[in-house]
Structure formats: structure tokens, C-alpha cells
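# kindly return the folded structure for what I paste below:
(chains A and B)
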2 protein chains.
Amino acid sequence: MIAVIGDSKGDVLGSSGCATSTSRKPADVLDQITAQVEAAADAASVKISKLDGIGIGVPGAVDTRSGVVSRAPNLGWENVPLAKLLRERFKKDVAVGNDVQVAILGEHAFGAASGAESAVGIWIGTGIGGGIILGGKLLRGSRGAAGEIGHTVLDENGPVCGCGRKGCAEAFASRTAMEREVRSMKGGRRVLEIMKEKNKPRMTSSVIARALKEKDPVMLEILARAQHYIGLLTGNLINVLDPEVVVIGGGLAQRFGEEFLKPIRQTARARLLRPDPEGRVRIVHAILGDYSGALGACALADDVL
Amino acid sequence: MIAVIGDSKGDVLGSSGCATSTSRKPADVLDQITAQVEAAADAASVKISKLDGIGIGVPGAVDTRSGVVSRAPNLGWENVPLAKLLRERFKKDVAVGNDVQVAILGEHAFGAASGAESAVGIWIGTGIGGGIILGGKLLRGSRGAAGEIGHTVLDENGPVCGCGRKGCAEAFASRTAMEREVRSMKGGRRVLEIMKEKNKPRMTSSVIARALKEKDPVMLEILARAQHYIGLLTGNLINVLDPEVVVIGGGLAQRFGEEFLKPIRQTARARLLRPDPEGRVRIVHAILGDYSGALGACALADDVL
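Numbers count the residues shown, from 1 in each chain, chains lettered A, B, ... in the order given. The predicted model follows:
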């Protein structure tokens, strides 16, 4: 988790980070959040009482109005009234959003989609999350469930997804999907060795980077396949929403930047019904790095509090 | 083509219709439009000079701001300045929209999506067109190209689409796609016979209706397959946009209503990441019948003029 103290221009005045507790007890994570916010405030030499408000992005389903995290599988949370709990700790108003949605808010407020009236964020990580900005505002949807782009079908005969259905975009192109492919392929042994060497139980971006540096053929093939499916997803979203800009974020986009984007852009553009030879719809990578989410949470707080 | 004189409640005061000329000369179709508007005004006993304005939906790519039809393949039109030409004829302001987008506008203003803040229209005909209403307004997109839902990929290894790409929703589930399937299947002979009996060169809704009445097994199978893919498309759009209502329109939805909708709804709901057991996102068929588009063109004129 990363905490930042941001100003209205998106400059980071102070920050602090740590690995999120895996205890699955909300109280433990709340203690961490408290410590990180305090450390970031110290780093910025500001008192928490002087902050305009606090925003937070959570990896799960969130009701932004009530500030309740209804479900966050990676944290083991269900129905945690996070805004209320943090408000009691900090004596400050707290805005709660989904982690990917605050990341695209951050890129929209201060980063790659700055100034755009409409933008789509596609975040590639262990899953694929999304966020849609229309009319300069995050689209929440009638049930607060908009932006679940990772669970649109790209081929219903495709692999089983974490959600239990088959052929979602996430099942083709998330890091989890790529790792599953590596493990299923004979030639995937070298990548598994790198995971061991780096003492990583999961195929992280740094493992992928090492394998690519070695020009591991399995890694090259699997990355290209994931990029292809991300390109199809991007093309679908442009055909539906015709946004000014699509921002691709997450560890791979952050680490490989333009190199990661190029094949995605090519596949996406080839699928556009309304051709776009001048590239009026920009397809770019996120530029705020680790701070997309934290700065976006600041933007969220600024917007809703 | 259908012309209506509508009032502010969407009541049809008079109407007139004819088969659109296939001459591919804009002037011929303009003459028809003029005649139909005059006939509808006569039927409603109003003078054209008393109308608030004129709206029109065109089967093609339209720039609503300039009123130019950039491309309408079925009419053989390219860059026809339709608003200007009709303004000269009627001495009235004219608003031009895409045919499917005005149809969803019509259902939103006066029909199945009446009162909804957000709605998605899926129109199944010779192609698959779409329209998206957000914040009560039609989403145009940054290039005026939003809503091309028929060209989102459902399986890139699927059939070739009219657009030249593979596996678009339209290539799986439009009437054109269904007809192609029928022609390719051995058992499709009976459906082809019905087309001959009815003197229809294409597999229209009435041909499909007759085949279904006879419980033709090929027709039943192909319709079920199309409904399945429309269900996947519907599920994808709900996962992305989370609208209040999805309206399915076009000849098949109009003719078969709830019977056509039921399997679509079932497939779509099974794909929702955020389950919706109470059916908060309604999936319904259009209810304005032949008038969706014409009344929607009235709503468009009311909105933009």
C-alpha cells in the first residue's frame, strides 16, 4: 500500500509505503493504513488535521456513497465500513473507491488522460480492472458496477476465469492468466526457475522482465498473446465508447511502457469500425507509476467530499 | 421509410411510409422523404410551416453537428449534406442522426427506456447497431463513433463480418449472419423454400416467423445460437456500462417480443460479474414498433434544434 500527501496540482508532498498485511483481519490493515498516512504526513511535514480529506482505493467492490467495501477477496474482507472506521481514526472525511477506478481517476486528474473529457482505463495485474471517465467524471453505473471490462467475453470457449466463467478478457491476458499458460507449457521451465531465483511465488513483472531479457521464447510468446487479447479488448471498448484516450496501466505497462503498448495499439486499431488513421483516439500507458492510485484517491476525495 | 408527426408526449398525430428507393441517387430518396413528410403532415392535419423542426434517422455514419451523412452503404451515399438539402426543401431546421441511435432515443423518450438515466440499445437487423444513453443523453463519443457495439469481437475466430473483420457480434447474430448459416446447412432447405414462397430474397423476420411456426429444426437452432450471442453481447455491455435498462430492438424483437428476449436475458445475466438476482438492470424489448426511429428523430430534433 502507498500513502501520499498530494496537493491540488497532483504534486506528491510526501509518501510512505509497505506490503499489505495478509492476516485477513481488517483491524491489521487499518493499523497499517493509519501508520502509512501518518508517515506520509510526517514526510510532507503537514499535520493530518490540516488535510482537506482522505481518499483511499481498495482492491474490491466498493459502494462509494456509503464507503463500505462489500467484497475484497485478496484482503479477505466482506462488508467492511471502511470510510466510517477511518473517519473515527483520523477525525477527517474519508472517500473510498475501487483501486483501479482511483488509478484511472489519478491518470485523468494528473497523468496520461489529463484534460480529457472521456477516457477508458485498462489495468493489467493479477486481474484486469477498468475505469471509464465520461464528461470528465467517473462512470459509476446504475448499481455502482460499471467498468468491469476484465469480465467481458473475448471467446466463451476460452480458459476458465477467476470469476468462474469462461473466456473473460482477464482469463486471457492478466498476469495470472499468463502464469497459468507458462505453467502449462513444456518450455515454461526457465520462467519457473526465474521465479525461484527471485524467490517469487507468482510471476511478477520483474520475473517477466528477466525472462524477456533472456529472450525466453515461451515468455515472448505468452506476452505477445496477452498483448493481442488486450488489443482486442481495447478495440471493443473504443468501438463502444469512442473515448479520447485509452490508458493502459498496471505493472507491465509501468515497466515496459511503449514497448508493451505498441502491439496492443496495433491490434486495437485494426478492429475499429470507424478507422482512425490519424490516431485521434490515443492509446497510451499510465505515467504516474506507483502513484496513479494514491493520487487518484486524492482526486476522489477532492471530488466527493 | 416512415415519417411521423409527433407531439411532445410521443403521440403520433399522423404518419406515412413507403419502401425506400434503391436507385442510390440521393435526389430520389430526397423526393421520397419530402413526399412522406408532406403525407404525414396531411394525415395529422398540420402545416409543415407549423412544425417545431424536423428530425431524421439515416442507416449510416452521420455527423450530427453538421448534418452530413458521411457514409450510408445501403443507400449508396457518401458525404451527402442531408440537413442542408432538407432545410432548403422544407424551410425548417433539420436534425440528422443514425437510424439505430434515433431508435434508442425514441425508446428512451417515449418507450421501453422512458425515464431511465442510462440505457443501452441493441438493434438486431441486417446488422447489429447500438446506442448508449448516459446521464439522459445519447453518448456520441469523441469522434461521433460511439455505440458500434455490433463490431465488438465475441470470438476472433468466428465468421467474417460485413466490415471485413472476423468474429464481430454482428457476424454471429444479425439476420444476415443467420441467413448465411441457414444457407450453409443441409437442413436449411425448408427455410429457403419459405423465402421463395414469400417472394423474399432475404431471410426477413416474416420468413423466420413462418419457419418457427413450422418448428423447422434448423431455424430453431440458428435462432437459439443468435440469441446466445446477443446474450453474450448484452452481458458484456452490462459489465462495462451497468445501465438501468437494455432495450433490444429490430424486427425480431418487435415480432417475437418476450419469447425472443427470454434466452438473451438468461445468457446475459449468467455473465454478469456483479450478480443481479433482483433484475435491477432490466433487459427488455423495444415497444414503439415501427415508430421507434421516427419518434426518436422527433426527440433528436427536440434535443438539438
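
# tell me the residues of the stretch 51-200 of chain A that contact chain B?
Applying Cβ under 8 Å from any Cβ of the partner chain, we find that the stretch 51-200 of chain A lies next to chain B at A:61, A:117-118, A:130, A:132, A:134-135, A:139-149, A:151-157, A:163, A:165. Glycine gets a C-beta too; all of them are placed from N, C-alpha and C.

# buried ones from these, can you make that a PyMOL selection?
To isolate the buried members of these in PyMOL, using 16 or more other Cβ atoms under 10 Å in any protein chain shown:
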select buried, chain A and resi 61+118+130+132+134+139+140+141+142+143+144+145+146+147+148+149+151+152+153+154+155+156+163+165
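
# do you know how far residue A:25 is from chain B?
Residue A:25 is 26 Å from chain B, where distance means Cβ to the nearest Cβ, to the nearest Å.

# same thing with residue A:269?
Distance from residue A:269 to chain B, by Cβ to the nearest Cβ: 12 Å.

# equivalent analysis for residue A:190, please.
Counting by Cβ to the nearest Cβ - residue A:190 and chain B are separated by 29 Å.

# before we move on, what about residue A:7?
Distance from residue A:7 to chain B, by Cβ to the nearest Cβ: 30 Å.

# contacting residues around that residue?
residue A:13 (Cβ atoms under 8 Å, 6 or more residues apart in numbering or on different chains).

# and what of the one 3 residues further on?
For residue A:10, the contacting residues are A:106, A:109-111, A:288, A:295, A:298-299, taking Cβ under 8 Å, 6+ apart as the criterion.

# the stretch 101-250 of chain A: helices as residue ranges?
A:169-173, A:175-184, A:189-197, A:205-213, A:217-241 (DSSP state H, counting those that start in this stretch).

# to residue A:3, which of those lies closest?
helix A:205-213 (21.9 Å; Cβ to Cβ).

# give me the distance between the residue of chain A most remote from its centre and residue B:11.
Most distant residue from the mean C-alpha position of chain A: residue A:186, 30.8 Å away (Cα atoms, centre = their mean). Plainly put, residue A:186 is 69 Å away from residue B:11 if you go by Cβ to Cβ, to the nearest Å.

# same question for residue A:247.
46 Å.

# who has more neighbours, these two?
Legend: neighbour count by other Cβ atoms under 10 Å in any protein chain shown for residue A:247 and residue B:11, higher for residue A:247 (30 against 11).

# gap between residue A:56 and residue A:83?
Computed as Cβ to Cβ, the residue A:56 to residue A:83 distance reads 8 Å.

# so which of those two has more stuff around it?
Ranked by neighbour count (other Cβ under 10 Å), residue A:56 and residue A:83 place residue A:56 first, with 26 against 23.

# now do the SS call for that one.
strand (DSSP: H, G, I helix; E, B strand; the rest coil).

# who's it bridged to?
residue A:96 (DSSP bridges).

# go on, residue A:14?
Applying DSSP bridges, one finds that residue A:14 bridges with residue A:5.

# ok, it - how many residues close by?
What residue A:14 shows, counting by other Cβ under 10 Å, is a neighbour count of 16.

# quick one, what contacts it?
A:4-5, A:40-46.

# try residue A:1
By Cβ under 8 Å, 6+ apart, the neighbours of residue A:1 are A:17-20, A:32-33, A:36.

# tabulate those (a markdown table), appending pLDDT.
Shown next, in a markdown table, are the contacts of residue A:1 (pLDDT from 0 to 100):
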| residue | pLDDT |
| --- | --- |
| A:17 | 97 |
| A:18 | 97 |
| A:19 | 95 |
| A:20 | 94 |
| A:32 | 97 |
| A:33 | 97 |
| A:36 | 98 |
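
# and of these, the nearest to chain B?
Nearest to chain B, judged by Cβ to the nearest Cβ, of the contacts of residue A:1 is residue A:20 at 22.9 Å.

# direction included, what does the helix or strand of chain A with the lowest mean pLDDT pair up with?
Least confident element among the helices and strands of chain A, by mean pLDDT, DSSP states H and E: strand A:61-63 (a mean of 89). As defined by DSSP bridges, the strand partners of strand A:61-63 come to strand A:68-72 (antiparallel).

# any idea how far the residue lying closest to residue A:169 once chain neighbours are set aside lies from residue A:167?
Excluding the flanking residues, the one nearest residue A:169 by Cβ to Cβ, 6 or more residues apart in numbering or on different chains is residue A:233, at 4.6 Å. In this structure, residue A:233 and residue A:167 are 12 Å apart, going by Cβ to Cβ.

# quick one: common contacting residues for the two?
residue A:154.

# of those two, which one has the most company?
residue A:233 (32 against 22).

# what's the neighbour count on the closest residue to residue A:129 other than its chain neighbours?
Computed as Cβ to Cβ, 6+ apart, the closest residue to residue A:129 that is not its neighbour in sequence is residue A:100, at 3.1 Å. The number of residues packed near residue A:100 is 28, by other Cβ under 10 Å.

# please, which helix or strand holds residue A:100?
Following DSSP states H and E, one finds residue A:100 within helix A:99-110.

# so that helix versus strand A:54-58, what angle?
Interaxial angle, helix A:99-110 versus strand A:54-58 (axes from the mean of the first three to the mean of the last three Cα atoms, to 10 degrees): 130 degrees.

# which strands or helices does helix A:99-110 pack on?
strand A:54-58, strand A:119-124, strand A:128-134, strand A:137-138, strand A:245-249, helix A:291-304 (3 or more Cβ pairs under 8 Å, 6 or more residues apart in numbering or on different chains; DSSP states H and E).

# and the closest residue to residue A:176 other than its chain neighbours, how far is that from residue A:179?
Nearest residue to residue A:176, sequence neighbours excluded (Cβ to Cβ, 6+ apart): residue A:126, at 5.0 Å. Per Cβ to Cβ, residue A:126 is found 9 Å from residue A:179.

# which neighbours do those two have in common?
residue A:202.

# for the residue in the stretch 51-200 of chain A that chain B sits nearest to, what are its contacts?
The minimum distance from the stretch 51-200 of chain A to chain B, using Cβ to the nearest Cβ, falls at residue A:141 (2.5 Å). When contacts are counted by Cβ under 8 Å, 6+ apart, residue A:141 is found next to A:147, B:118, B:241-243.
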